[in-house]
Every structure is written in C-alpha cells, then in structure tokens.
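Trainee: here's my sequence, what's the structure:
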Amino acid sequence: MMRRYIRALLLCTVFAVFSGLYVYSKLFYSDGSAGGRRVFIPPRNAGARRGSADKTVPTNPHSYHHRYIMRQRSRVEAAGTGVQRTPQPPVMHLAVVACGERLQETLTMIKSAVLFSIGHLHLHIFAEDRLHDNLTQTLESWPGFVRCKYNYNVYSISFPSENAAEWKKLFKPCASQRLFLPLILKDVDSIIYVDSDILFLQPVDHLWAFLSQLDPSQLAAMSPEHEEPRIAWYSRFARHPFYGRTGINSGVMLMNMTRMRSTFFKNDMTAVGLRWEELLMPLLQKYKLNITWGDQDLLNIIFHHNPEFLLEFPCKWNYRPDHCIYGSNCASAEEDGVYVLHGNRGVYHDAKQPAFRAVYEAIKQYSFGTDPVASLLHPLGEELQKTTHTYCGKSHTLLTKRLSLSLGNIRRTSTRAVKKTEDSTS
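Mentor: Have a look, this model is predicted:
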C-alpha cells in the first residue's frame, strides 16, 4: 500500500513540474499583452534605407528570437575565421570638365584621386565629344586592382539651349559647366567638383568628409581666393560683389546639390528669392561686362548675398601659386602640408613655377603597381631640390609633407596585400 502511495506522489510531482514548465513557456513567448516585459528586437542594418526595415518585420514574434540566435552564430563563425564584416564606405562623387587641351591634365587629376582614395569613387567627366574615346580607353586600361576603385560616366558638354554659346565662351572653354551640375545630375545628392588642374596629395575621402560638417543651412564649401586682402585680386580689382574679404576660389568646390536645387537664393535683382536655375542667366546678363573670371565671379556674387550657405575650408585644400609666389602665406599648409594642389595659371606646363610642374610630372609618369616611394616620392624630391631658386621651390617641403604620408600608406597596404596573398597560396 505504501509503495502505491509513493508512486502516485511521484507521478503527481512530475505532472506538476511539466505543467509549470508549460505555463512558463506560454508566458515567456507571449506577444507582450501582459505589459511591462521588454522584447528584444535586433538592431536594423545600418545600411538599410529608412523605412524599408519596417516592411520586412516578421509577424511571428518568436522569429525575433531565432533571428538573434542566427545573427549571433554568424558573428561567432566570422570571429572564428578571422573575418570582420565592416560597413562599406559611401560612394564619393567627383566631377571634372575637360575641354580644349586639358585631356592629359584631366587624366592626371583622376590618377591622383584614384591612387590615394580609400572609398569607392564615382567619376562624372564632362568633356568635348572628340575627347570621349581617349578618356574611356585610358580609364579602361588601368590595372584591375586600380579599376575596381572607381566607376565613371562620360558626358557631353551641356548648357541651356537658348544661351549655350554664351555660357560656353564665358572665361575658359566649358568652365561654366560646373554651374549646371545640380540641374544635370538630378539623381546625385552631393559631389566634389574640381578643375582639371587639381592634384590630390592625400585621400579624396578626407575632402569628402567636409560634407558631413555642413550645418543645416550650408550647401557648398570652398576656400578663400587669398589669405591677405592687401595683395588679393578681388579686394583690389573686382567690379562686382564678392564673398568675404578676399573672395572664394571655385577650383575645389563641394556641393550638396539636393539643397542647391531646393533653396531660394537672395539676390540684388529681385525682392524675392530665386532658385538656382532661375538665378544664373539673369545674374550673367547683369554682370557680364564686369566679371573677369567667369563662373567663379558669378559664384562670388551669389555667396556674397548668401554667406550663410557657404562653409570655408582652409587654403591647404586648394593650394595655388598665389600662396607662395611672393612668399609663403598659407598658414594651414605651413602647419600640415599641402592636401590639394591647384596648378592654375598653366604652371604645370611652363617653367614659371617648376615646383608645381615637378609634382604634376611625377604623378603623371608614375606606373600603377610600382613602389610609390621609390618610383614617385624619391625622384620628386630630387627634382624639387632644383627649384629652390623660386619662392614656391623654397617651400617645397610643404608639397611633400602629406604626399609622403599618403604614399607610405599605399606602400604598407600593398605590402600587406602581397603578404596575405603569399600566405593564402603557401
């Protein structure tokens, strides 16, 4: 009798335990109607477009738990193999205009941008039709390990049809094309525009980062035309309004084109603000007899009336002969070196500023894949020693300070890539 009693007691105990577990599981996996319980929801993919994640949330609440387990498992497996999945950097949009005899200069600029870039570049190249084949052939001929760092579009030169001839002959051939980028590239949010005579001496990524520094009212970034008003061109000779104390130089111009397309600009022609596409032609008609530097002067007039829309960046991002021709006057370059070299006045192609020409020739002649320090930096250093009879040549260390760091980084990256390849094949 006692044994039967004990067996019955054990059966009741087991039944009670399983019943308790069943009730607990129901409460744990409930849909939260009891209130007060925090449900784990995995974080959204940082790269997902806002709003898209909401459409893919499963209706079954249990799946959150399973998604979490699978994600944790994939992380453990990735850690075990040494693979770290990092978010891809954003695509950087870079625009340039090539007309006349600027083909080789344009390709050398692109070469410098590609050589140092960390993220992926999308090149927007506006060129005369006769240059398209040469541009395409050269860009397709570069080695695969370089070619994978960029994609590109080549466009014909395009101005508003009713005033095309007037815009094309304004200042240098096709230079005013930059004014119409927000109207042509309607699907591009932001872009860096550079003249063809620009050379990057460090990654484009660092210049692209300025876009994230724009406050909500700013839609463009440029550097001053000069640092010293007493010898600056605009403060001495301009016959039209200009930005700030010395004007701005548009050879390197960052544009948030989404904002440019939607903003109303104050002006001295009407009492109401005008959109970008409404502003350009009336501005040209009013000032065309008073402007010397074409589209750059028009930009100075626009930002004179709208200074709150512009972010200034230091002259080291747009270093020109003006900063050294009469002695060094770019304090940021003296401290940090030159980040972006601007060879305006044709100095890459004459003997007036041999230090600028030496940098241009060194990058133009560099062969992708060779040791950048041995085949670019060292020969350049020897050439720059021959330029110290000029003021810019005396400041030649400013031209190589950032360049040497950039080339050193390329060498280290290449060495690691080669070693990794050798280890994987051994």
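Trainee: below-threshold pLDDT in the stretch 1-150 of the chain: ranges please.
Mentor: Judged against pLDDT under 70, the low-scoring parts of the stretch 1-150 of the chain cover residues 1-89.
Trainee: the stretch 251-400 of the chain now?
Mentor: Along the stretch 251-400 of the chain, no part satisfies pLDDT under 70.
Trainee: residue boundaries of the helices in it?
Mentor: With helices called from DSSP state H, counting those that start in this stretch, the stretch 251-400 of the chain shows them at 257-262, 276-287, 295-305, 331-336, 354-365, 372, 378-384, 391-394, 396-425.
Trainee: strands along this protein, start to end?
Mentor: Secondary structure of the chain by DSSP state E: the strands cover 92-98, 121-127, 150-156, 190-194, 198-200, 220-224, 248-256, 310-312, 340-342.
Trainee: can you list those in JSON lines and add distance to residue 112?
Mentor: All C-beta atoms are positioned from the backbone trio N, CA, C, and that covers glycine. Rendered in JSON lines, the data for the strands of the chain read as follows (distance: least, CB to CB, whole Å):
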{"stretch": "strand 92-98", "distance to residue 112": "11"}
{"stretch": "strand 121-127", "distance to residue 112": "11"}
{"stretch": "strand 150-156", "distance to residue 112": "12"}
{"stretch": "strand 190-194", "distance to residue 112": "10"}
{"stretch": "strand 198-200", "distance to residue 112": "4"}
{"stretch": "strand 220-224", "distance to residue 112": "18"}
{"stretch": "strand 248-256", "distance to residue 112": "13"}
{"stretch": "strand 310-312", "distance to residue 112": "23"}
{"stretch": "strand 340-342", "distance to residue 112": "9"}
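Trainee: save these as TSV, and put in mean neighbour count too.
Mentor: TSV is the format used below for the strands of the chain (neighbours: other CB atoms under 10 Å):
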stretch	mean neighbour count
strand 92-98	24
strand 121-127	21
strand 150-156	14
strand 190-194	23
strand 198-200	26
strand 220-224	24
strand 248-256	23
strand 310-312	17
strand 340-342	26
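Trainee: of all those strands, which one is nearest residue 291?
Mentor: Taking CB to CB as the criterion, residue 291 comes closest to strand 248-256 out of these, the separation being 12.7 Å.
Trainee: the closest one pairs with which strands?
Mentor: Listed by DSSP bridges, the sheet partners of strand 248-256 and their directions read strand 190-194 (antiparallel), strand 220-224 (antiparallel).
Trainee: just the CA coordinates of that strand, formatted as CSV?
Mentor: As requested, C-alpha coordinates have been extracted for strand 248-256 and formatted as CSV (Å, rounded to 0.1, in the frame of the first residue of the first chain):
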residue,chain,number,x,y,z
ILE,A,248,36.4,82.5,-52.9
ASN,A,249,38.2,80.2,-55.4
SER,A,250,36.0,77.6,-57.1
GLY,A,251,38.7,75.3,-58.3
VAL,A,252,37.7,72.9,-55.5
MET,A,253,34.0,73.0,-54.7
LEU,A,254,31.9,70.7,-52.6
MET,A,255,28.2,70.9,-53.3
ASN,A,256,25.2,69.5,-51.6
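Trainee: just want the angle from it to strand 92-98.
Mentor: Strand 248-256 and strand 92-98 meet at an angle of 140 degrees, taking axes from the mean of the first three to the mean of the last three CA atoms, to 10 degrees as the criterion.
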